[in-house]
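*Asks:* Need coordinates for the following:
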Amino acid sequence: MTDNSLPTRSNRQGTETKRKKRGVALFIRDLLVIFVVALLISFLIKTFLVRSFYIPSGSMETTLLINDRIIVNQLEPKLIPVERGDVVVFRDPGGWLLPQAPLEQNAVIAAVDWVVAAVGLSAPDSNDHLIKRVIGLPGDHVTCCNPLGQMSVNDVPLSEPYVSLPTGETSVSQDDFDIVVPDGSLWVMGDNRYNSKDSRYNTETPGKGFVPIDNVVGRALVISWPTARWSWLDDFPEVFQGVPTETK
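*Replies:* Numbers count the residues shown, from 1 in each chain. Below you'll find the model as predicted:
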């Protein structure tokens, strides 16, 4: 005879429990897939498009303040050429920065930092990079200072509204200089001209103060933190509008 009896209460409860366990397992699996995909996308964006850095020094004040966080466009200079006036982040060309002691962290904090850095939300290597404004492109003749205290590029005096000077000072550089930027390199300076160890003060390094374009990580686009300082970073094209192409 065929048993047409109804399932017992214990059988129904067992089936329901299995369904719930399977639902939880599928939910956890989906969360893991979403997390891995999001991490991968963020990693690719950080690697090829944009990433975050924080400002460790006052050399770019008052454009950038200590502990500001910035978003950097990594397509420049890979796909977009660097322009005069751009604020760029670059790796130390050698001898610009003092050696940094390794940061000691416990395993948990180190793991969290790795994940946050991998998606571009933090930059534990900010102290290994520098940020300055591009003044001279390859072949440019950059001099300072004329009788009005201005810097000139290819014989064109610049009026630089972004420069921060000490009270009573009118010259945009404490020290005079006269250089021609070599091929494949940049001449960079901080906006805080009397408190910036930039190209002027690294002429004794192997690169003689010039920054190889290959060392540029990208152009700073925006101040992302703190929110009260959220703003786009201007490259002031009007400052360099009358500057002719490089002179050889």
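*Asks:* secondary structure element for residue 26?
*Replies:* helix 9-48 (DSSP states H and E).
*Asks:* Need the three-state assignment for residue 234.
*Replies:* Under DSSP: H, G, I helix; E, B strand; the rest coil, the three-state class of residue 234 is coil.
*Asks:* Roughly how far does it sit from residue 139?
*Replies:* 25 Å (CB to CB, to the nearest Å). All C-beta spots, glycine's among them, are computed from the backbone N, C-alpha and C.
*Asks:* now the strands: where do they sit in the chain?
*Replies:* Assigned by DSSP state E, the strands in the chain fall at 50-54, 69-73, 87-91, 129-136, 141-144, 151-153, 156-157, 177-180, 185-189, 211-212, 216-225, 231-232.
*Asks:* roughly how far apart are residue 95 and residue 142?
*Replies:* Distance from residue 95 to residue 142, by CB to CB: 20 Å.
*Asks:* now residue 226
*Replies:* For residue 226 relative to residue 142 (CB to CB), the value is 34 Å.
*Asks:* Unless I'm misreading it, residue 75 sits right up against residue 217, doesn't it?
*Replies:* No - counting by CB atoms under 8 Å, residue 75 stays clear of residue 217, with 11.1 Å between them.
*Asks:* which of these two has more neighbours?
*Replies:* Ranked by neighbour count (other CB atoms under 10 Å), residue 75 and residue 217 place residue 217 first, with 22 against 13.
*Asks:* Show the pLDDT at the more buried one.
*Replies:* In this prediction, residue 217 carries a pLDDT score of 93.
*Asks:* show me the residues around it that make contact.
*Replies:* By CB atoms under 8 Å, 6 or more residues apart in numbering, the contact list for residue 217 reads 51, 72, 74, 88-91, 129.
*Asks:* Could you dump those into TSV and include pLDDT, distance to residue 156 and neighbour count?
*Replies:* Below are these laid out as TSV (pLDDT from 0 to 100; distance: CB to CB, whole Å; neighbours: other CB atoms under 10 Å):
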residue	pLDDT	distance to residue 156	neighbour count
51	83	34	23
72	92	29	27
74	88	30	21
88	97	21	27
89	95	27	23
90	96	25	22
91	94	30	17
129	89	30	18
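*Asks:* Can you get me a residue count around residue 141?
*Replies:* 17.
*Asks:* hey, what's it bridged with?
*Replies:* Beta-bridge partners recorded for residue 141 (DSSP bridges): residue 180.
*Asks:* do the same with the one 10 residues further on
*Replies:* Note on residue 151: beta-bridge partners residue 144, judged by DSSP bridges.
*Asks:* How about the contacts made by it?
*Replies:* 135, 142-145, 157-158, 160, 172-173.
*Asks:* repeat that with 10 Å
*Replies:* Contacts for residue 151 (CB atoms under 10 Å, 6 or more residues apart in numbering) come out as 135-136, 142-145, 157-160, 163, 171-173, 176-177, 189, 193.
*Asks:* out of those, which are buried?
*Replies:* 135-136, 142-145, 157-158, 160, 163, 171-173, 177, 189, 193 (16 or more other CB atoms under 10 Å).
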